[in-house]
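Novice: coordinates only, sequence not included:
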Ligand SMILES: [Zn+2]
Ligand SMILES: [Zn+2]
């Protein structure tokens, strides 16, 4: 696990983490002890702050645009309608398809947030089963193409039935 | 199950003082963020989406309820509860302040002993949380994981092989897991080492927050240490890291306590007994003062300075019992802050003398 750097100085690791909901928008602030003290964020309860979130600054690269961010601002998830600009402002994605719609941009956001971009943990067993079925189906489809080329129609019919059976399980 | 049994009861399962390392660690918690495949995330699902999620989750909860290890559980829609009831749930760390403030289309699923609590339609469709007394992260993980497995049997999660569990905020994607350990660290605070220790934790990718999290200062020297990243390592690796670092913090805290005891024993004893005296006799007390004194008394009990008449369990209960919402719930009506301070003092006197 990589440390998150202080959002103020960008040098020391952030050890003070604050979350607030302002006008329905989630803001997170990650500071080192020194910067938190300097800003008066320590010792004051719930003092509101308005500077952009770490997340938002990571997404927009602290106001400087990272490669491709210009075009990214116009991107939109066609399922939920969220624009990339909105995501950059709120730090919240709208649906699972957003992960595909903004895939290239998220790659760099995730790398900065987590130090890595690929999941290495638990897989839901149902999804695991689905993945297994899909793999088996695509293997059978290849085999089907081969036997059709060889004009082994009886075998092709068997494989096609097997594929239909597996596809039923998928639904 | 009956929700009032939880709301009127200041005791929770994590207050059991027999948990490991309970002289320093109050509780361990594991949270899993999960979303359903077919509905937009809560930030964009709208009222209709919220109701769909509630209906789907309701059906899945029947399986949880029937599970001999997890059930019985109850599911409660937050807009059926009063503001005060929701506040008590926040004070018991069962739901987030955000969840309580916007009850519409939201719910909680709760086990009577509070070891399992699931927020529905908070930032993610599901926030599965499990809580255990003392340094029992593995226990908490086992229960959260079991609940996750049962729910997954009925619900299709938004999941992708590459990114893992898909969450509203990309800070939670991957495992969706946040493990955290709630610690009482008065020794480190008194010897002035807390800052160094926390800065070291930051370097190791862990976050430190004060007790009432969300933007507040640490009251009563209670800190919550949790993993900051959720993508890449497995759940077990994340917890292993958190456990290893927590063990170091616990050792540092115990060293600091020993040093204080050997070098400034009389001052320490004076501080502890004065705090105990104030709690026993005060007629008006703010929640801030109460938790500050609580910290001194708890340290006194853990170090054996106060050796009879007060149990760790009672002290743990006071953490919830002295909160503003709980006091009003017990008294049965809304109170002005000054009235609360008087009721709080009375409640503390009563509990400590029992
Ligand atoms: Zn800094
Ligand atoms: Zn979307």
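Specialist: Happy to help now that I have it. If you're wondering where the values come from, they're calculated on a predicted model, not measured in any experiment. Ligands and ions are numbered 1, 2, ... in the order given.
Novice: pLDDT score for residue 1?
Specialist: Because you didn't say which chain, this covers chain A. We have a pLDDT of 53 for residue A:1.
Novice: nope, chain B
Specialist: As predicted, residue B:1 sits at a pLDDT of 81.
Novice: Residue 138 - how many residues pack around it?
Specialist: Picked chain A for this. Residues contacting residue A:138 under the criterion other C-beta atoms under 10 Å in any protein chain shown number 11. All C-beta spots, glycine's among them, are computed from the backbone N, C-alpha and C.
Novice: that answer is for a different chain, and I need it for chain B
Specialist: Using other C-beta under 10 Å, residue B:138 has 16 neighbouring residues.
Novice: repeat for the one 10 residues further on
Specialist: Applying other C-beta under 10 Å, we find 22 residues neighbouring residue B:148.
Novice: wouldn't it be in contact with residue B:129 here?
Specialist: No - using C-beta atoms under 8 Å, residue B:148 makes no contact with residue B:129, being 11.0 Å away.
Novice: For those two, list the residues in contact with both.
Specialist: Common contacts of residue B:148 and residue B:129 (C-beta atoms under 8 Å, 6 or more residues apart in numbering or on different chains): residue B:32.
Novice: Flag every residue of chain A that's near ligand 2.
Specialist: Residues of chain A lying close to ligand 2 (C-beta under 5 Å from the ion) are A:77, A:79-80, A:82, A:94-95, A:97-98.
Novice: Considering the residues you listed, which possesses the most neighbours?
Specialist: Within those, most neighbours by other C-beta under 10 Å means residue A:98, with 27 neighbours.
Novice: in chain A, which segments are predicted with low confidence?
Specialist: Along chain A, the model assigns pLDDT under 70 to residues A:1-3, A:18-28, A:37-71, A:127-128, A:131, A:171.
Novice: near ligand 1, which residues of it show up?
Specialist: Within reach of ligand 1 by C-beta under 5 Å from the ion, chain A has these residues: A:6, A:8-9, A:12, A:32, A:35.
Novice: now the helices for the chain?
Specialist: Here I'm looking at chain A. Along chain A, counting by DSSP state H, helices occupy A:33-39, A:54-59, A:69-72, A:84-90, A:98-101, A:103-114, A:125-149, A:153-170.
Novice: Switch to chain B, please.
Specialist: Ranges of helices in chain B, per DSSP H, are B:3-7, B:46-66, B:83-91, B:97-101, B:137-152, B:186-190, B:194-203, B:235-263, B:265-281, B:287-302, B:312-321, B:324-331, B:337-353.
Novice: and those helices as JSON lines, adding distance to residue B:224?
Specialist: Formatted as JSON lines, those follow (distance: least, C-beta to C-beta, whole Å):
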{"stretch": "helix B:3-7", "distance to residue B:224": "22"}
{"stretch": "helix B:46-66", "distance to residue B:224": "26"}
{"stretch": "helix B:83-91", "distance to residue B:224": "15"}
{"stretch": "helix B:97-101", "distance to residue B:224": "15"}
{"stretch": "helix B:137-152", "distance to residue B:224": "13"}
{"stretch": "helix B:186-190", "distance to residue B:224": "14"}
{"stretch": "helix B:194-203", "distance to residue B:224": "11"}
{"stretch": "helix B:235-263", "distance to residue B:224": "11"}
{"stretch": "helix B:265-281", "distance to residue B:224": "23"}
{"stretch": "helix B:287-302", "distance to residue B:224": "15"}
{"stretch": "helix B:312-321", "distance to residue B:224": "13"}
{"stretch": "helix B:324-331", "distance to residue B:224": "20"}
{"stretch": "helix B:337-353", "distance to residue B:224": "24"}
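Novice: hey, least reliable of those by pLDDT?
Specialist: Confidence, taken as mean pLDDT, is least for helix B:194-203 of those (a mean of 81).
Novice: Show me what it is packed against.
Specialist: Applying 3 or more C-beta pairs under 8 Å, 6 or more residues apart in numbering or on different chains; DSSP states H and E, we find helix B:194-203 packed against helix A:33-39, strand B:206-210, helix B:235-263.
Novice: is chain A contacted by the last one?
Specialist: Yes - between helix B:235-263 and chain A, judged by C-beta under 8 Å from any C-beta of the partner chain, the touching residues are B:235, B:237-238, B:241.
Novice: Tell me how far residue A:147 lies from residue A:130.
Specialist: According to C-beta to C-beta, to the nearest Å, residue A:147 stands 26 Å off from residue A:130.
Novice: that older thread, can you tell me which of the helices and strands packed on helix B:194-203 comes nearest to residue A:153?
Specialist: Nearest to residue A:153 among the helices and strands packed on helix B:194-203 is helix B:235-263; the distance by C-beta to C-beta comes to 49.6 Å.
Novice: list the helices and strands the closest one packs on?
Specialist: strand B:25-34, helix B:137-152, strand B:177-184, helix B:186-190, helix B:194-203, strand B:206-210, strand B:222-227.
Novice: Next, the angle strand B:177-184 makes with it.
Specialist: 10 degrees (axes from the mean of the first three to the mean of the last three C-alpha atoms, to 10 degrees).
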